[in-house]
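> I need the structure of the sequence given here:
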Amino acid sequence: MRANQVVAAALALLMAATAAGCSDDPAPAPAAADLGGTDRSTVRDGGTLRWAVDAVPATLNVHQNEATADSALLAHALLPSLFRLDAHARAGADRDYLESASSTPAGQQPQTITYHLNPKAVWSDGSPLSAADFTAQWKALSGADPAYRSDHPAGYPAIESVTQGADPHEVRVVLKQPYAPWRSLFSPLYPAAVTGTPEAFNQPLADTFRTSAGPFEVTSYDKAGGKVVLARNPHWWGEPAKAQELDFLAVPAADRLDALDQDRLDVAALTSSVDRAVPADSPGAAPPDAAAVAEASAQALKRAEALPGLTLHRAAAPAFTQLTLNSTRGPLTDPNVRRAVARAVDRQKTATAALGPLGLKAAALGNHLLMTDQDGYRDNSAALGTTPAAELLDQAGWAVNNGTRSKDGKELTLGLLLPEGSVTARRTADELATELAAAGITVKPQEVAPETFVEQHLATGDFDLALFSWPSTGFPGGAERALYAKPRPGPDGVPVVGLNYARTGSEEIDQLLDRAAAELDPGAQRDLLQQADARIWQEAHSVPLYQRPDLVAVRTTVAGVGAYGFGGPRYQDLGFLKG
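This next block holds a predicted model:
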């Protein structure tokens, strides 16, 4: 995932639902996925499936700065994804595009990836997928030519060459250095015509884009009207699409419950609709009372659960909420104070407070790099040690004074940044404040508009503690490095933070993450990731709390749709049940 995609995704998560949770006690994991019927034999042919999106995307090129989650949602219905993730983030070759794909084994240099493309796979103009498409995308995303306006997704700069193999359906990719998450590359794959030159790549890929190599193609793209229509692709070679048409409709979160109730939608994500519900009698001029907002959220959830003809699907999203500690700010410059904060947080209790009202199990997340439903997950929070928070604060010179801690005449008070308007975030912040108060640390929650959260606070370091969510890529060992890399001095001598908003790190963490990214043996890579995560815990960089919730309402007559976890739609299977 590109750096700006990570920030955009983090901001989107802030505007949806932000929460926290977990402790040393194990808890049952939430569902990895929760879908309606997935057997395509039970799905009838035909029908129009109506799906809510936040807005008609400005581009379908997921590597452009303007790309959103809705860009990716539509792109994967139109374009090849060589590998698909299941609900546990296990990657499998998509046989519609790949007959097989292999990489040279660990220890054999240079790493060479060989793709055997499905000979039937063609673009909608009839031309087959080829090495030319792979070459153009590599050159566009490698960073070698700054005229391409994009951050550089992890992996592409490591490529040395792309060539045709033994026949037109074989593609060979040689890397300069090993890259473990190689299955994340070229998904989605774009035709060379839209990536082959900077001029073509930098154009908004929207209204005029009609090329497809998926089960659907674009027939209408109306940004002003808030509607994108996808119809069956007549050149599709795989199992025929069940639905005749997919209509993606721009419906604000606040309007989705009404739209579902009025039978104007079949699928709608409702996490934000519930989390950011506004009291009906809110005047709008001033923030509504916190209790009234909480009640509005509770009522929105009850309504979502009771809508006739609909099912509310719940699962853990491929994203995690965490508490970032600014290591350059006041008392938090002392590692013992940061560790005390991390030790004082009762993660399970916080999770229960945050997720319980949503009807979700609160599962402890004890890893910065792997989610609870991923293979290889392990809780490494024990790396913090067993020293109680009180003893750590004593060692740092913060003495107890009338129930609070003080040093040199100053009380131990920390601000807690959280996104404005999120009921779940406020509930979480209140619980965290209670937990830290028990350790003598005063916490003052500060709500900030989501639009300014990243640029004006996280990026500038204007915070003590910050509560927000990061997306999880599903391919550990690649993009995660940017979140934990040790800041390096820039040309002016000031450390360049990048996405490491905690502003702490170490050479050892960087080296472990680099080694993990280059380790082709899965078992050895997981060991390196566990070591890196333990070191991140010891730095008290941040406290991972839990996977954020995903609530999706789906009409009971619709199959193959719901809360996907790490997975995603298999668009040709979506449709309406028979009978």
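> for the rest of this, base every contact and every neighbour count on C-alpha atoms.
Fine.
> paired strands for the lengthiest strand in the chain, with orientation please.
Longest strand in the chain by number of residues (criterion: DSSP state E): strand 310-325. Applying DSSP bridges to the sheet, strand 310-325 is found paired with strand 465-471 (antiparallel), strand 542-555 (antiparallel).
> got a markdown table for those strands, with mean pLDDT, distance to Asp492 and mean neighbour count too?
Below are the strands paired with strand 310-325 laid out as a markdown table (pLDDT from 0 to 100; distance: least, C-alpha to C-alpha, whole Å; neighbours: other C-alpha atoms under 10 Å):
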| stretch | mean pLDDT | distance to Asp492 | mean neighbour count |
| --- | --- | --- | --- |
| strand 465-471 | 96 | 27 | 25 |
| strand 542-555 | 94 | 27 | 27 |
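> okay, now Val53: neighbour count?
Applying other C-alpha atoms under 10 Å, we find 26 residues neighbouring Val53.
> what sits against it?
Asp70, Phe248, Leu249, Ala250, Val251, Pro252, Ala268 (C-alpha atoms under 8 Å, 6 or more residues apart in numbering).
> selecting buried members of the residues you listed in ChimeraX, what would you type?
Here is the ChimeraX command that picks out the buried ones among the contacts of Val53, judged by 16 or more other C-alpha atoms under 10 Å:
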select :70,248,249,250,251,268
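> a markdown table for the contacts of Val53, including pLDDT and secondary structure?
A markdown table is the format used below for the contacts of Val53 (pLDDT from 0 to 100; DSSP: H, G, I helix; E, B strand; the rest coil):
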| residue | pLDDT | secondary structure |
| --- | --- | --- |
| Asp70 | 97 | helix |
| Phe248 | 98 | strand |
| Leu249 | 98 | strand |
| Ala250 | 98 | strand |
| Val251 | 98 | coil |
| Pro252 | 97 | coil |
| Ala268 | 98 | strand |
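> list just the nearest of the contacts of Val53 to Arg44.
Relative to Arg44, the closest of the contacts of Val53 is Phe248; by C-alpha to C-alpha it sits at 20.3 Å.
> my read is that the closest one contacts Arg50, right?
Yes: judged on C-alpha atoms under 8 Å, Phe248 makes contact with Arg50 at a distance of 6.1 Å.
> for the stretch 301-450 of the chain, which segments are assigned as helices?
Listed in chain order, the helices of the stretch 301-450 of the chain (DSSP state H, counting those that start in this stretch) span 335-344, 347-355, 389-395, 423-437, 450-452.
> in the sheet, who's paired with the residue positioned nearest the centre of the chain?
Centrality entry for the chain: nearest residue to the mean C-alpha point is Pro471, 2.4 Å, by C-alpha atoms, centre = their mean. Beta bridges link Pro471 to Ala319, judged by DSSP bridges.
> if I look at it, how far off is Glu305?
26 Å (C-alpha to C-alpha, to the nearest Å).
> can you check Val194 too?
For Val194, the distance to Glu305 - C-alpha to C-alpha - is 43 Å.
> higher neighbour count, these two?
More crowded of Val194 and Glu305, by other C-alpha under 10 Å: Val194, with 21 against 14.
> residues in contact with the more buried one?
Ala200, Phe201.
> using PDB, list the CA coordinates for the helix or strand containing it.
If you go by DSSP states H and E, Val194 is part of helix 192-195. In PDB, the C-alpha atoms belonging to helix 192-195 read as follows (Å, rounded to 0.1, in the frame of the first residue of the first chain):
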ATOM      1  CA  ALA A 192      -0.500  -0.800 -20.700                       C
ATOM      2  CA  ALA A 193      -2.500   1.900 -22.400                       C
ATOM      3  CA  VAL A 194      -3.300   3.600 -19.100                       C
ATOM      4  CA  THR A 195       0.100   3.100 -17.400                       C
END
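> pull out the buried positions in it.
Under the neighbour-count criterion of 16+ other C-alpha under 10 Å, helix 192-195 has Ala192, Val194, Thr195 buried.
> between those, which sits nearest Leu416?
Nearest to Leu416 among those, with distances taken as C-alpha to C-alpha, is Thr195, at 42.9 Å.
> got the domain boundaries for this protein?
Domains of the chain are assigned by automatic domain parsing as 57-213, 318-549.
> quick check: Tyr564 touching Ala87?
Yes: look at Tyr564 against Ala87 with C-alpha under 8 Å: they come within range, at 6.5 Å.
> find residues that contact each of those two.
Counting by C-alpha under 8 Å, 6+ apart, the shared contacts of Tyr564 and Ala87 are Ala32, Ala33.
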